[in-house]
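Student: Take this sequence and fold it.
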Amino acid sequence: MKKEKELRPPDKAYRNSEFINSSVARPIRILAEFLEPEARFEKYKISDTIVFFGSARLLSQEDAQKNHEKVVQEGGNTEHSQSLLDMAHYYEECVELSRNLTDWSKKLGKGKKRFIVCSGGGPGIMEAANRGASEANGLSIGFNISIPSEQGFNPYITPELNFEFHYFFIRKYWFAYMAKALVIFPGGFGTLDELAEVLTLIQTGKFRKQIPVVIYGSEYWKNVIRFEELAKRGTLSPEDMNLFTFCDTPQEAFDHLTKELKRIYDV
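Tutor: Coordinates of the predicted model:
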């Protein structure tokens, strides 16, 4: 007699990986990236953030020096390695600013954890921001994104607050939603995109909160974007120039941010 095939219960829809990863289930995946961070922030009592944006390509002073020396020894083109060495001070200044802000935020009292340093979770300026918070023995958040190159979480993120996103727009939502202040270090396309989006949200009143924005490194940024020219030609209003503040030292940025956060949020 032929043995009947043993039947097993079918997978529930949410355990069916083929379905979950299909185009039909995209709304479910988007919703998961929306809800899962919220649950984690609630669990760890994270109230809000100070977001750092900047280039993934910048190196620490030590690494930039080693890289430049290697290129010189190998007889390579030193123009790029020298540029990285010249820009390395931004990495170190980001570490210092993040460390100082974390020290300050830790003294604000018990309960909800306020003004936690947050970055895109990758290398470069993102690493520097998380590193400064780590050196201050504080929490820090990393909003990673799955892309082919340059990304990969840095070792200074608080493990419980290390996120991996697939959708850029959900990642941007969490950057904006949690932020009570932003610091924009020198960067490329990604940083320009993030800076423009945040300033647009503020300009159009889509933010229902006051949010101080520091553009760090006036020499770099005034060469990259001619803000005054935009205002002169009428594509910005004169008052739009008040949406951000240029700072050039960690102390200057720290003083401005803490003064504004105290004023706005009564901490």
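
Student: contacts, neighbours, all on C-alpha from now
Tutor: Fine.

Student: now the helices: where do they sit in this structure?
Tutor: 17-20, 26-43, 61-73, 78-106, 125-135, 168-178, 189-203, 218-224, 227-232, 250-265 (DSSP state H).

Student: and the third one, which residues are buried?
Tutor: I take that to be helix 61-73. Gln61, Ala64, Gln65, Asn67, His68, Val71 (16 or more other CA atoms under 10 Å).

Student: Kindly reformat those residues as a markdown table containing distance to Leu84 and pLDDT.
Tutor: Listed next are the buried residues of helix 61-73 as a markdown table, based on distance: CA to CA, whole Å; pLDDT from 0 to 100:
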| residue | distance to Leu84 | pLDDT |
| --- | --- | --- |
| Gln61 | 9 | 96 |
| Ala64 | 6 | 96 |
| Gln65 | 9 | 96 |
| Asn67 | 9 | 94 |
| His68 | 8 | 94 |
| Val71 | 12 | 95 |
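
Student: hey, which helix or strand in this structure has the poorest pLDDT?
Tutor: helix 17-20 (a mean of 90; mean pLDDT, DSSP states H and E).

Student: Was I right to think Phe175 contacts Phe53?
Tutor: No: using CA atoms under 8 Å, Phe175 makes no contact with Phe53, being 9.9 Å away.

Student: So for the protein, the centremost residue is which one?
Tutor: By CA atoms, centre = their mean, the mean C-alpha position of the chain lies nearest to Ser119, the distance being 2.7 Å.

Student: pretty sure it is touching Phe143, no?
Tutor: Yes: using CA under 8 Å, Ser119 makes contact with Phe143 at a distance of 6.3 Å.

Student: Between these two, which contacts overlap?
Tutor: Counting by CA atoms under 8 Å, 6 or more residues apart in numbering, Ser119 and Phe143 have no common neighbour.

Student: In contact with Gly54, which residues are there?
Tutor: Gly124, Ile125, Met126, Ile184, Phe185, Pro186, Gly187, Gly188, Thr191.

Student: nope, Glu135 is what I meant
Tutor: Taking CA under 8 Å, 6+ apart as the test, what Glu135 contacts is Arg99.

Student: Relative to Ile145, how far out is it?
Tutor: Using CA to CA, to the nearest Å, Glu135 is found at 24 Å from Ile145.
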